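In: Got a predicted structure plus its sequence, pasted below:
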Amino acid sequence: SMPYGHFGDGCVHARIDFPFHEQHGRRVYREFLVDAAKLVASYGGSMSGEHGDGRARGELLPLMYSTEAMAAFAAVKAVFDPDDILNPGVVVRPLPFDVDLRPKPRPALKLAYHKDLAAEVHKCIGVGKCRADTEGAVMCPSYLATLDEKDSTRGRARVLQELVNGTL
């Protein structure tokens, strides 16, 4: 598929479609991300992105920060958030970055749409790009069905993703 991405202010924003539908997909994803993080760190780059560290990078922060710095982060969090309510499992004691990956679409799902809806919904990054192309055409099937703006982009994409992966 066509990769999505752009460069801006020192950040590389990219959407790479890893083969999660294949048995080895998560391994390929993990190996790629760890190798990329090591490369970035070797040049003095940052694991942090424009939206912070988050679940996608927390596990990789020790490649960028020393053991002492990571311990300091934990100490500050313990003082200001002793019950671990704010962003648990992100920077301090992070969960593995591949633990919450979106499940693959159910192959049996069939809906009337000119493309494979399950695959298209799975690719959605929720920025509404499908709603605002220059030709006036839109991808968002819920918007096309109702022509009501409330049924477009982020909220509808999340509902469709949950429908497709069986977690609705």
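Out: Looks like it came in fine.

In: Residue 56: how many residues sit nearby?
Out: Using other Cβ atoms under 10 Å, residue 56 has 18 other residues around it. C-beta: built from backbone N, CA, C; applies to glycine.

In: doesn't residue 97 make contact with it?
Out: Yes: applying Cβ atoms under 8 Å as the test, residue 56 and residue 97 come out as touching, 5.5 Å apart.

In: And residue 87, how close does it get to residue 63?
Out: Residue 87 is 20 Å from residue 63, where distance means Cβ to Cβ, to the nearest Å.

In: Which residues are in contact with the nearest residue to residue 60 once chain neighbours are set aside?
Out: Excluding its sequence neighbours, the residue lying closest to residue 60 (Cβ to Cβ, 6 or more residues apart in numbering) is residue 37, at 4.3 Å. Applying Cβ atoms under 8 Å, 6 or more residues apart in numbering to residue 37 gives the contacts 47, 57, 60, 63.

In: Please enumerate the helices of this structure.
Out: For the chain, helices defined by DSSP state H occupy the ranges 25-42, 54-57, 67-80, 117-123, 141-146, 153-165.

In: Output those helices as a markdown table; include the columns mean pLDDT.
Out: Formatted as a markdown table, these follow (pLDDT from 0 to 100):
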| stretch | mean pLDDT |
| --- | --- |
| helix 25-42 | 92 |
| helix 54-57 | 78 |
| helix 67-80 | 96 |
| helix 117-123 | 64 |
| helix 141-146 | 68 |
| helix 153-165 | 71 |
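
In: Packed most tightly, which of the ones you listed would that be?
Out: Mean neighbour count (mean count of other Cβ atoms under 10 Å) peaks for helix 117-123 among the helices of the chain, with a mean of 20.

In: could you list every residue that touches residue 59?
Out: So residue 59 contacts 94-97 (Cβ under 8 Å, 6+ apart).

In: any idea of the pLDDT on it?
Out: Per-residue confidence (pLDDT) for residue 59: 92.

In: any idea how far residue 67 is from it?
Out: 15 Å.

In: Equivalent analysis for residue 99, please.
Out: Relative to residue 67, and taking Cβ to Cβ, residue 99 is found at 23 Å.

In: next one: residue 83
Out: 25 Å.

In: ok, now residue 93?
Out: Distance from residue 93 to residue 67, by Cβ to Cβ: 14 Å.

In: And residue 85, by the same measure?
Out: Taking Cβ to Cβ, one finds residue 85 at 26 Å from residue 67.

In: Ok, residue 73 next?
Out: 11 Å.

In: Between the two, which contacts overlap?
Out: By Cβ under 8 Å, 6+ apart, no residue touches both residue 73 and residue 67.
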